[in-house]
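> Everything below, folded, please.
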Amino acid sequence: MLLLASCNQFIQLVETESVGKDAVSKNGVCENSDIRINYDFWSEDGVTYFSIYNKADKPMYIDWKRSVFVYNDWKNDYWIEKTTTQTYMVPVGSGKALGYVPKVSTVWAERYTFIPPHTYVSVPMTYVIMNNGLQVTTETSGSGKSTMTISQSLRKQPDAKSMKTKIDKTTGKGSVNAWVKNYTPEASTNRFRNFLTYSFDEKFNTEKFIENDFYVSKITEMTTKNFNGKFSKMNMKVKVGAMKTKGKVRVYESPYRNQTSFYNTILK
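Next comes the predicted model:
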């Protein structure tokens, strides 16, 4: 279920497909004989959330320094050497002589993740897949003059008429207008892959790799109402400290939700 504000008129549903020589995703799941990776991109602009399952009968280790997220061939590190320092007070003495002295705790970022046999681990590192829905088109006239159009909306592209189609209405019977653009792996402007280094040896004397490749294969622009689908009203109560509030909210069905899709809000 998705609770989404309807103040914006249009939304783009962005669908991805998995390609590559390694394990290919099926419904958001990529795996080989050792490891299973479950993906869920569903969010505004998309995030690379994934969990890892060790299929083997022995412990597995992930090296985040040698694992990366690659967006349009640009490397983005999962692990950066850094520390988090916190100061806390520790009691000393007793009775009237009781006092407190500050202590400092330093925690290093985790480079390696230990995964026991047949165990899932949630991965905290994520990257935004597509931080805008900009569409760029260039037209050249007969005189050689070029015009570049930059817009978030498929409806405002020069070839918008060819993209216009009908899709099923999610709030009732019939159909509604939508604008659809399909991409091949070679022509897609949004490609990303997840490269992981793992080993069953704690010292990584022998290491293995798994790489999952994705690309944006289809964008469907539709009204926010059709994207949200049907809704039901639900009572909500919120209490924060001494403050209390209550009211009714709309809970939408979100019929397009999919682990390998995400969405972009299109402003007027």
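> At the geometric centre of the chain, which residue sits there?
Nearest to the geometric centre of the chain sits Val47, at 1.6 Å (Cα atoms, centre = their mean).
> how about the strands in the stretch 101-250 of the chain?
Secondary structure of the stretch 101-250 of the chain by DSSP state E, counting those that start in this stretch: the strands cover 112-115, 120-122, 135-140, 146-151, 164-168, 175-182, 191-199, 208-223, 231-240, 243-252.
> Lys75 is nearest to which of these?
With Cβ to Cβ as the criterion, Lys75 lies closest to strand 191-199 of these, at 8.9 Å. (C-beta placed from N, C-alpha, C; glycine too.)
> before we move on, back to that, could you measure from the nearest residue to the residue nearest to the centre of the chain once chain neighbours are set aside over to Thr119?
The spatially closest residue to Val47, leaving aside those adjacent along the chain, is Thr126, at 4.6 Å (Cβ to Cβ, 6 or more residues apart in numbering). Distance of Thr126 to Thr119, given as Cβ to Cβ, to the nearest Å: 21 Å.
> again, but for Tyr71
In terms of Cβ to Cβ, Tyr71 sits 29 Å off from Thr119.
> Same check on Lys169?
Distance, Lys169 to Thr119, using Cβ to Cβ: 44 Å.
> pLDDT at the residue nearest to Lys248 when sequence neighbours are not counted, what is it?
Distances taken as Cβ to Cβ, 6+ apart place Lys233 nearest to Lys248, at 4.9 Å, with adjacent residues excluded. pLDDT recorded at Lys233 is 88.
> Same question for the one 5 residues further on.
Reading off the confidence values, Val238 has pLDDT 79.
> Now do the contacts for it.
Lys244, Thr245, Lys246 (Cβ atoms under 8 Å, 6 or more residues apart in numbering).
> Of the residues you listed, just say which sits nearest to Phe200.
Closest to Phe200 out of the contacts of Val238 is Thr245 (52.1 Å), distances taken as Cβ to Cβ.
> Quickly note the distance from the residue nearest to the closest one when sequence neighbours are not counted to Lys244.
Spatial nearest neighbour of Thr245, excluding adjacent residues (Cβ to Cβ, 6+ apart): Val238 at 5.0 Å. Distance, Val238 to Lys244, using Cβ to Cβ: 7 Å.
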